[in-house]
Each structure stands twice: as C-alpha cells, then as structure tokens.
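Chemist: got a predicted model here, sequence first, then my questions.
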Amino acid sequence: MLEEVKQAGSGKLDEFKLRDELRALRAKIPDTPYLNPIVSVAFDLSRRLEAGEISFEELSDLAVRLMDRACVQRGRHLRERVGFVDRATTYEEFANFVETEAKDADFESFKARWSRARTGIVLTAHPTFGLSEALTKRMVEIAVASDVDPNTPIGHAHRPDDNIDLNYEHRRAQTAIHNLRNAYSELLHSFYTAAVARFGDKAYTINPKLVTVASWVGYDLDGRTDISWMTSFIIRLQEKRESFVDIHERIQALKDSLAAIPDTQLLVRQIMGKIDLAIAAVDEQIEALRDAVAGNRTLADAANVVTSDDNYNITSIAPITDLLKTLIDTVKDPQIKRSLAVIVGLMRATGLGTSHIHLRINAVQLNNAFRAFVHQPWTRDLSESQALSRIVEMIEQAKHETVNFETLELETATAIRQFALIAQIKKHIDSDTPIRFLIAETESPATVLIAVFFATLLGVDDITDVSPLFENAAGLEAGPRIIEHLLDQKAYRDYVTKRGRLAYQTGFSDAGRFVGQITATLAVERLHHNVAEAMHRAGLKDIETLIFSTHGESMGRGAHPGEMRTRLYYLFPHEARRKFARYGLPLKHETSFQGGDGYLFFANNRLTTRTLSTVIMDGTELPEAADPFYDDSNLSLDFLLRLRSYQEHLFEHPGYRAVLGAFGPNLLFKTGSRPVRRQSEGATAVDRGDPARMRAIPNNAILQQFGYIANVIAGLSAAVGSERQRFVELARTSPRLRPLIEMIARAKQLSSLNAMGANAIVFDPGFWAWRASWGREQHLERAFNTLASRLLSDDRCGSINSLVHHLRLDAVDLHTMLEEIGIEGGKIPDDHRLELDLLHAIRLAFIMRIFILAAQMPRSSSRNEVSSDQVFEWALALNVPEVTSEMRQAFPRRSRTADGSTPFRERASYLPHGIDDYGRVETEILEPMERAYEMVREIGTGISHHWGAFG
C-alpha cells in the first residue's frame, strides 16, 4: 500500500500531502477564525501555477488522480446501494421470496397475489447525462468487481459525451430497458421454478405480473417544443421493432430443443413467421415516415403505408402469445416449458414495445387547448364550479371521434395532438398496452377532467391513465382536495372504474427546491395519507391507486443515498402503504430512475437483476407495526411547518441567490437535450440566481458545486424548536424519522461551508488587492488591480459569506443534535471529504487563472452592442465560450501573409503591430482560458462523483 501511495503522489504535486495539509489547516481554525483551508491551498496552487513552479499539466494530472479515486469510490458505493454480492445470491434471495409467498398460500390466493404488478420502474431523462458511456461502463465494472484498488486509474475523461440529443438519451434509456428485460426474464424463471414446485404445471396458468417497466424518453413535452408527433410515433415503432427482434431471438435460442419434440415444428414456424412478417411491416412503416420527414414522399403516402391492411402488422400480443401458450401445453420438458412461459410473461409485461410509455405535457398546455376547442367565455376561469359541471357534461355526452395522420399534422394544440397520437398508437402499433398521460403542475380538478374529456372524445379512455402531477409545495397541499373533488364527479368515477385504477404522480425535485427536500418528502407522505382517506370515503375499494414517485438520484432531488430498500421506503413509507391496506385499497407504487445517474442501476445485467428483484420485493404487503413518529402527530406537524418556514426564508436569502447566480450553469457541462430557460437580459448575478427561474436539476447541481446542499441540510434545529429532547428520543426510535435524519447527516458529511466560502473568494476585491499589495507577483499586479477595481461594487462575495455565517449557526446546532441522536454528521471530515475539499481548491485555482487572464484581455470598441465591460462580466461568470467567441471576432488571428504558399517578392520594413498582438491574445489568453475552463467543468464532474449524482 505504501508503494501504491508513493507512486500515486510521485510528481511535484502529491495529493496525499495536500490532503494532510488541508487536515492540518483545519486544526488551526479554532485559533485562526478567518482561516479557510480550501482558500489557502487554492491560493498557493494559483501562485505556483502563475509563477511557473508547477505546470498546467501537473495541476490537471493532480485533479485527474483525485477524480479517478472519487469515481472508484462512487462505483463501490453503487454496489453497496444496490446490495449486490454476486449473481447467485440475487437469485437465491428472490427464489426464497417467491417460495415463502407460495408456501403459505393456496393456488387461487397465490394467483391473485401475482395477477397485477405492485411496483414499477420508470426511466426518465432530463439533463443528467453527466457521465459518458465509456465512463459509465468503467464505473459499473468497478461496482461489480470483487475487489478494487482505490488508486485504480479510470482511463477516461470525467465528462459527458458531446452532442447529447434526444436520440442519444433514447438510446441510453433503451440500453437500460434491454437489461431490464433480460433481468425480468431471469426473475420470471425463478418465479416459475418456485411456483411449479409448489403447484405443479397448474402454475403456468398464473400469468404473473412481477413489475412494470416504462419510459417517457421521447414522449415528454413538458418544458420542450423540439419533439414532434412524428418523432414520438417513429420512436414507438422503433421500440416495437426492438421488442419483436428480442422475442424472435429468445424463441430462436429454443428452436433446436423444440425441433426434437414432436408436434412443435409447425407451431414454431407459425410463430416465427408472424414475427418475421411483423418486423418487415414495422420496417416498412419506419422507412415511409422517415422519407416523409426527409421530404422524399408526402405524409399521405407514408400514412397509407402505416395504415395498410395487409394482415402483417400486429397490434396485439394475442396472435403470438396464443400460439406460445399452445406450444407450452404441447411440450413436456420442464425447462423448455418454463422458458416458453417466460417469453409469454415478458410480452404480457411489456406489450408490443420494449416497455410501457408515459406521455407528459404541462397543465397550461392542456387548459389552453381546451379553451381553444370550446371557445366559450366560461372557460376563462376553469376553477369555477360552473366550469367543472360543464366539463363533466361534455365527458358524459362525448361521442368518439376518429383521427388520422392528417389530424396529427394539422392539429396545433399540443395537448389534443398528444391524445390523437395515443389514438394512432392504439390503432396501428399496440392496441392493448396502457399509456400514462402525465399532467405537470396540476392545480385544478378541471385540468384532469379536461384530459379525461379528450381521452373519451378520441376513444382512448380505455388505455389511457390520466395522472396529475403534484410537484411543488402548493400542488402537494392541493393534491388531496383535487382528488377529492374529482371523486365527487360521477364522470370521473366512471372513468377510473373503467380503467380499474386512479393514477397520480408526485414530484420531489421542484418541491424540494422551494421548501427543502425533507419538508417536501413529508409533504408527499401527507398527500398519500389524505388520498387514501379520500378513496375510502368514495367507496372505491376495488380501484387500484397507482402512485408514481418522480425524483432524481441525488439527495437534492429526493433519492435517499442509502441502500435500495431504504430508498424505496424513504419515497413511499410503510405507514402510507398500511393506510391504503387498512381500507382494503389495492396499491401500486412506481419509482423513477433519472438519466445517466439513474441508468447506472441498469447498466450491467448483474446490477439490473439485483435492483429489479429489490423493487419487486418492495411490493410485499406489510404487517401492522407501531411508529412513534405517527403517534406524536402534533410534534411531527410542528416539525414539518417549522422546517418549511426555515427553508422558505433561506430560499429568499440574497446569498442563496448569489450562490445560484454567481456562475450559474457555466460551472457545468451540458448534460441533456432538454433546453435550459435563459435568464432575462440585463439581469444581475443575483437576479440570475433566482431559484424560481431555475429548474431543479441545475439548482441542486450548483449547490453541490458550491459545496453545501442547503435545501437538504439546513433548518433541523429551527424545526425542532423547544421540543429538542422529545425529538432526539423520537429520532432514536422511529423507523420513519431515522432515514430522514440519515439523509440530512449524509448530506452534511459531504458538505463544507469552507467550500461555499472559498468559491466566493474570487469575487472579493480585497483578495485581489491583497495579492497585488505584497509585490510577490509583480508581473500580475496590473491584472490584480483591475480585478480589485472591477469588483469593488460587486456584492456576490459579501452575500455568499452572509449566507455562510447564517448556515454555520445552523450547522453548529445540527452537529450537536446528530451526536445526541447517535448519527455521524461529518464534523471531523474523513479522507474522502478532504479529497473533495482538495478538488474544490484545485478548481478554484483554475477559476483564479480564468479571472487573471480575463483581467489581461485588451479592450476593444463595442461590437454588435457588446462592450468590453460586458465581455469582462461574462468572464467573471465563467461564460468562457462567449468570451472567446467575441474576443476572436474582435481580435482575429492572422498569418503574416495573405497566402502563405506564395511569398511576396517586394520587401517592407514595416508590418502592422496588431498582427503580432492578436496572435498573443489567442495563445496567451484565449487558449489558456479555454483549457482552464475545461478543467473547471471536468472537476465539476469529479465533485459530482462524491455526491453520487449530477444535481
């Protein structure tokens, strides 16, 4: 180990010595209150870099070694979260689970238990593809390896792939779904093995539904306008083709075994023939639509290909599964019978696609579409009872309308077009598989009823599950009332009775952004309790409640950092599940896995099978159990309200906004195709940091990069108030409260107020004036003076430091309380946290370089209404691409001759001096600035390794 350490730190910069230096500096803080170890190390690295004592490459190599170690740690943590030991252990535990379920049940009750899925997985996208595919593969290799050296070199840059678009995201999602299909099949094998052992061949009549898998990648229109109906329809056709190819390959693998069995050859030929023809039909449809997109044929010609009635196109699994069931009855070999049953089970689980799909739009889009459709004054205020009554009447009187592809092309209302898309998918792709219709930012029951109306009007109410999304603080509070109002309407009760389920969705990220993540989590739980009450009062006992919990992978977006079982319990607590069970209400809980971070759980067959088995087992009905958190309801409610109040005040703190606006998303690589809302022109840095103008993912990503997830950590002491001792005792004994506190503690272990303060130091004019005053960097004194002068009126540093002081008072009480509860809160940072601090210091040195280079930029006359002052401000916000683009236009680099291939015979003693100066702008300022900026962003990925996710 000593040799390994020596080798890792063999250059001029030794990460282990620097880590020890940080630890030693921390020990001096009690006697030097204003000492910031991260600033001290960053300043030393910056001075040595600018003096040439260390090279850019040496500092970059140091950062890479630290990022590699963080990546290894992240891979091992992924292994722990999944609970992966080895493949055999996964199968054994799942088989034992099924055997236990079968042992104590008769056949009918066992069959009923598995007749519907109790849990589900949904793959979402959003801008969280912070890891390249190569880096993802490397991390997963580390996760499943039996033993890994922490100093293992990764061999890949710590950054996302370039040019992330919708096709890229869809391909990544489909790779995860492919692994999920394989894992589902393997677990079905285990299921049938256990079921047949208990019930004999009768088990093959069970038709088990272990879990559902769905995706909204390619179908989510909330916050984006770049996905056309044609894009979504072609994507769904591609998924249909992939599912056919997958089923074909699975049957092909059994073909030799089946050939030896009498009376099977004809059936096999029939099945394979149907699939081959179906694949050919889909290929023809995809080609026709792509030609229409390219302008090589008309939409009508392409549509006529899709709608051709040639009997080759299959829109139901029945023609294939019926033949497969006959084949199962024909064969006697247990292994082949089980393998065929698995194929049937996979098709039943996914339909004629690789998975189920979710379409999503915004409530505003739906409401506006309805107003345009009705065009009556009463639609102006859809919250009025009169409007509600009229919408209900429209549902009851709706007559089914038919649509075609011309309808899709001519319809300008996004919401109506999405229902027409569902109708065309139902007619021409898959007539059986349910489709979820998610409505973001639902604030009124009228919005949900409008969706039901359009679904009824276009004849898709039999396969469409309309699901309101309650995702911000107001929505979570209003959600139960909205559900209650809906259940008062006969038209809605008839709709959910026809579907057999009532669906709704909860969002953790947006609520966590505004009122804090712990508050949001508790508010989501209260929503579930209240919905159970509303369902019970409505008397809908046989209607399944389908709850979809959407959240991200990091602590700031709702996912618990503990193992998968804890994560699932944290999202949907046992007491909420028991509430539905007490009323005899069937329940299904789906959970999201978001983008590149979430897909890590499904990037390898071994991890996928382990994760999927855990999700399936999470659907077990729970026995009654006591939890004092629910007994002391006054204390619990007071805690929730106080914590919310603290976080809302924090949300308004100028320093909080300064943190978000100081660099904004310029600290980060582009990690997704979903467009980021631009801030208003002329806004100040603090204005740009208004959390209300920022999506949840960049909001949390910036908090991570500044080193302190305040919307998770802060406010516990204020929330407890004068009931501290009661609360501490409750935290020690409550199964519900414990993971909430562990969430806070883990976030605190990774957080550093020194990091937050350090990242503000570059905006402190005193820092630059101090560097100028000592005369030790004379060649940079002019740049330091420029920075100090420019920043005299800048309030970012002061605002951020004010926030740091505010949060430090909170953190003192937090550490004391965690110690009393008996949970480690990271008061004394371990080696991993110190390495995170060191990454902050190295990045800060690179940011200092960018600032210093910016201060040396030559001034130019205003171009395109962009002044030199504006370019300088861009640099201070790390908007380096715009800086270099503008500077290269203002100072274009030219060669000494107009055409280097032919020298001029005529000699001149004078050449314009600007030619040489412009060349120096490029080589001495712009290129070094770009290199430093790339390292700033790459280190950002290394920092996200420590957090376990991007944003």
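Modeler: Sure, I can see it. This structure is a prediction, so every number in the text was calculated from the model and none was measured.
Chemist: look up phi and psi at Gly83.
Modeler: Note on Gly83: backbone dihedrals following degrees, to the nearest 10 are phi 80, psi 30.
Chemist: hang on, it packs against Thr614?
Modeler: Yes - with contact defined as C-beta atoms under 8 Å, Gly83 counts as touching Thr614 (6.6 Å). C-betas here are computed from N, CA, C, even on glycine.
Chemist: those two: who's more crowded?
Modeler: Thr614 (21 against 17; other C-beta atoms under 10 Å).
Chemist: ignoring the adjacent residues along the chain, who's closest to that one?
Modeler: Met564 (4.6 Å; C-beta to C-beta, 6 or more residues apart in numbering).
Chemist: state the number of residues packed around the one you found.
Modeler: The burial count for Met564: 22, using other C-beta under 10 Å.
Chemist: next one: Gln397
Modeler: 10.
Chemist: please begin residue numbering at 733 from this point
Modeler: Yes, from this point I'll number from 733; that puts the last item at Gln1129.
Chemist: now stretch 1350-1362: mean pLDDT?
Modeler: Confidence for stretch 1350-1362, expressed as mean pLDDT, is 92.
Chemist: and the residue nearest to Ala1504 when sequence neighbours are not counted, what's its pLDDT?
Modeler: Spatial nearest neighbour of Ala1504, chain neighbours left out: Phe1516 (3.7 Å); criterion: C-beta to C-beta, 6+ apart. What the model reports as pLDDT for Phe1516 is 97.
Chemist: for Ile909, same thing?
Modeler: pLDDT for Ile909: 98.
Chemist: who's in contact with it?
Modeler: Going by C-beta atoms under 8 Å, 6 or more residues apart in numbering, Ile909 touches 855, 945, 947, 1086-1087, 1334.
Chemist: pretty sure Pro1386 contacts Ile1532?
Modeler: No - Pro1386 lies out of contact with Ile1532 (C-beta under 8 Å); the separation is 9.1 Å.
Chemist: low-confidence regions, this structure specifically.
Modeler: By pLDDT under 70, the low-scoring segments of the chain are 733-743, 1407-1421, 1594-1596, 1626-1633, 1643-1649.
Chemist: which helix runs longest in it?
Modeler: Using DSSP state H, we find that the single longest helix of the chain is helix 898-931.
Chemist: what about dumping the CA coordinates of stretch 1278-1289 to CSV?
Modeler: Backbone C-alpha positions of stretch 1278-1289 (Å, rounded to 0.1, in the frame of the first residue of the first chain) are rendered in CSV as follows:
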residue,chain,number,x,y,z
LEU,A,1278,-51.3,4.0,-8.9
ILE,A,1279,-48.7,6.3,-7.4
PHE,A,1280,-45.7,7.4,-9.4
SER,A,1281,-42.9,8.9,-7.3
THR,A,1282,-40.7,11.0,-9.6
HIS,A,1283,-37.4,12.1,-8.1
GLY,A,1284,-33.7,12.3,-9.0
GLU,A,1285,-30.7,10.3,-8.0
SER,A,1286,-29.1,12.7,-5.7
MET,A,1287,-30.1,13.9,-2.2
GLY,A,1288,-31.2,17.3,-3.5
ARG,A,1289,-33.8,15.6,-5.8
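Chemist: next one: that stretch to chain centre, how far?
Modeler: 8 Å (C-alpha atoms, centre = their mean, to the nearest Å).
Chemist: and the strand or helix carrying Asp1370, what does it pack onto?
Modeler: Using DSSP states H and E, Asp1370 falls within helix 1365-1384. On a contact count with 3 or more C-beta pairs under 8 Å, 6 or more residues apart in numbering; DSSP states H and E, helix 1365-1384 meets helix 1241-1247, helix 1249-1270, helix 1442-1445, helix 1448-1452, helix 1456-1465.
Chemist: quick one: the helices in the stretch 1483-1632 of the chain?
Modeler: 1485-1490, 1497-1505, 1513-1522, 1528-1553, 1563-1587, 1600-1608, 1612-1622 (DSSP state H, counting those that start in this stretch).
Chemist: now distance to Gly1453 too, for those helices, in TSV please.
Modeler: Output for the helices of the stretch 1483-1632 of the chain, formatted as TSV (distance: least, C-beta to C-beta, whole Å):
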stretch	distance to Gly1453
helix 1485-1490	23
helix 1497-1505	38
helix 1513-1522	44
helix 1528-1553	11
helix 1563-1587	30
helix 1600-1608	41
helix 1612-1622	46
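Chemist: which of the ones you listed sits most buried?
Modeler: The highest average neighbour count among the helices of the stretch 1483-1632 of the chain, using mean count of other C-beta atoms under 10 Å, belongs to helix 1485-1490 at a mean of 25.
Chemist: using CSV, list the CA coordinates for that helix.
Modeler: Output in CSV follows, covering the C-alpha atoms of helix 1485-1490 (Å, rounded to 0.1, in the frame of the first residue of the first chain):
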residue,chain,number,x,y,z
LEU,A,1485,-19.2,25.8,4.4
ASN,A,1486,-15.5,26.4,3.8
ALA,A,1487,-16.1,25.2,0.2
MET,A,1488,-19.0,27.6,-0.2
GLY,A,1489,-17.0,30.5,1.2
ALA,A,1490,-13.9,29.5,-0.9
